[in-house]
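[1] generate coordinates for the sequence data below:
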Amino acid sequence: MRTLFIAVSLFSIATIFALMSVYPTAVWYFILVIPLIGLGIYDMLQKKHAILRNFPLLGHFRYLLEAIRPEIYQYFIESDTEGKPFNRLQRSVVYQRAKKVRDTVPFGTQRDVYAVGYEWINHSIVPIHVEPEALRINVGGADCKQPYSASLFNISAMSFGSLSRNAVEALNKGAKLGNFAHNTGEGGISDYHLQGGDLIWQIGTGYFGCRQADGTFDPARYADQTANPNVKMIELKLSQGAKPGHGGILPAAKLTPEIAAIRGVPLGKDVLSPPGHSAFSTPIELLEFIAKLRDLSGGKPVGFKLCLGKPREFIAICKAMVKTGIKPDFIAVDGGEGGTGAAPLEFSNHIGSPLIDGLILVDNALRGFSLREDIRVFASGKITTGFQMLKRLALGADICYSARGMMMALGCIQALKCNSNHCPVGVATQKNHLVAGLVPSNKAVRVANFHYEMIESLAEMMGAMAISSAADLQPWHILRRTAPNQIQNYAEIHLRLEDGQLLNGGEAPFLQRAVEAATAESFGIA
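    Coordinates of the predicted model:
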């Protein structure tokens, strides 16, 4: 191809000279040809890209097509049910509900209802009406002085930095309009979070917003932040589903002076949260730290978030609760399928329990140690429809979180550029010209609409089942085709422990090794 390029270049130059003898204005063709020839010569001389050295000029088309491949695939090739992480049907229902336009579907389901893995609920011949406004639940145990009445559907953790200022502002204003909670993410509380919406302040391993100069926890700054009346609950992040055991990543390209000041970090390099916490190292110390956070906040609900890893370690926390009598007000379970702005491929694809598995184990462990009644369980991971929400509530959750669903309500088009700072709709970028395209006052209404429609959908489905309270949803309400000729409910697929079953030497075959190996004094093996 290099020989062909040289031949074509020489032929083009000769042709232009020949034309100039007849048409002097042909000299203007050089304006087009010379830069292309120059680029081709550069391609042959450079040493970084073999494609360009071997295919000067033509090689650039490969990089162009590669750059727009996701858009071509999403818009012209994939079917309504093929897209990842969210298919077109899932994205469309969020957009429709956020805009309050028609969200019904014609001509029947596109799902193969006889395929293994298909799930459904059974309705009642005598359905009832369920008021969406009644679907709330109190969060706060015996040691909590300021319990919070929470919606069953809230905004999951997304930091200012990962999201733009306009996106954060729109989310918080939407939370205010819809009377639900907005998790700040681990990046600290910014002015954009303080638009009147209820906040769940998340504290990660970097202790952003309550951090001393050496990166350790600062009790005074923490107390000052939690005194804000907008802060309704505090969530201590142990791990997140997209990159459990890794720590948060904010690329340097998205770190502005404003974000650096809020987080208390230097400019010019990636902000990497430590993989683990420095404030505690054992299950008992974790619970003592939670008690300290609750006391310093004036008695607001405090819980922790984790993507389930080793079952033994969560059992150790349960044993520490029994031993010390200290209990978190809530536990948020994130799934290994969770989203993030930036994660190593291996962590995103292969580390951490999927949400359903983690949720069922956490619910069972709490039941087994007679702790479940005192602790609310949150579920976070790919929730964009009423059925997905109902399923998680039936399998052990009290409350649901959504991050990517709320991003789509803001206008996210799943461009998959969250980690590049080039989000085309201004959601996950700090570039001012892109952020300007997202108007908070408009998108806040869409966030509130999406929340309302999700709760409305849940209420309608519960009504069809003749169930008036989310607390009455049980695993046996969700049916799954587990083989071409076999249907099981989740109570048959996953055993549920009885209250107190793991106390006083009780047994549970699927948890027995973890129970025997766990100790309240250490996250290691007893």
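[2] what about the closest residue to residue 259 other than its chain neighbours, neighbour count?
    Using Cβ to Cβ, 6 or more residues apart in numbering and skipping residues adjacent in sequence, the residue nearest residue 259 is residue 161, 4.6 Å away. C-beta: built from backbone N, CA, C; applies to glycine. Neighbour count of residue 161, defined by other Cβ atoms under 10 Å: 30.
[3] hmm, residue 187 and residue 161 touching each other?
    Yes. Using Cβ atoms under 8 Å, residue 161 makes contact with residue 187 at a distance of 4.7 Å.
[4] any shared contact partners between these two?
    Any residue near both residue 161 and residue 187 by Cβ atoms under 8 Å, 6 or more residues apart in numbering counts here, and that gives 250, 259, 263.
[5] out of those, which is most surrounded?
    Neighbour max across those (other Cβ under 10 Å) = residue 250, 26 neighbours.
[6] may I have the phi/psi pair for that one?
    The phi/psi pair for residue 250 (degrees, to the nearest 10) reads phi -120, psi 110.
[7] out of the shared contacts of residue 161 and residue 187, which is nearest to residue 509?
    residue 250 (43.2 Å; Cβ to Cβ).
[8] pLDDT weak spots in the stretch 1-150 of the chain?
    Residues of the stretch 1-150 of the chain that meet the criterion pLDDT under 70 lie in 80.
[9] next one: the stretch 301-450 of the chain
    Ranges of the stretch 301-450 of the chain meeting pLDDT under 70: 339-343, 345.
[10] residue boundaries of the strands in it?
    Ranges of strands within the stretch 301-450 of the chain are 302-307, 330-334, 376-380, 399-402, based on DSSP state E, counting those that start in this stretch.
[11] so can I have a markdown table of those strands showing mean neighbour count and distance to residue 426?
    Below are the strands of the stretch 301-450 of the chain laid out as a markdown table (neighbours: other Cβ atoms under 10 Å; distance: least, Cβ to Cβ, whole Å):
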| stretch | mean neighbour count | distance to residue 426 |
| --- | --- | --- |
| strand 302-307 | 26 | 27 |
| strand 330-334 | 27 | 26 |
| strand 376-380 | 25 | 24 |
| strand 399-402 | 26 | 20 |
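[12] dump those into a markdown table; add distance to residue 48 as well.
    What follows is those, written out as a markdown table (distance: least, Cβ to Cβ, whole Å):
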| stretch | distance to residue 48 |
| --- | --- |
| strand 302-307 | 38 |
| strand 330-334 | 39 |
| strand 376-380 | 41 |
| strand 399-402 | 42 |
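[13] so which of those comes closest to residue 514?
    Taking Cβ to Cβ, strand 302-307 is the member of the strands of the stretch 301-450 of the chain nearest to residue 514, at 15.0 Å.
[14] show me what counts as buried in the longest helix seen in the chain.
    Ranked by number of residues, the top helix in the chain under DSSP state H is helix 440-464. By 16 or more other Cβ atoms under 10 Å, the buried positions in helix 440-464 come out as 440, 443-455, 457-459, 461-463.
[15] which helices and strands sit right next to it?
    helix 88-99, strand 153-155, helix 165-178, helix 386-394, helix 404-410 (3 or more Cβ pairs under 8 Å, 6 or more residues apart in numbering; DSSP states H and E).
[16] fine, thanks again, bye for now.
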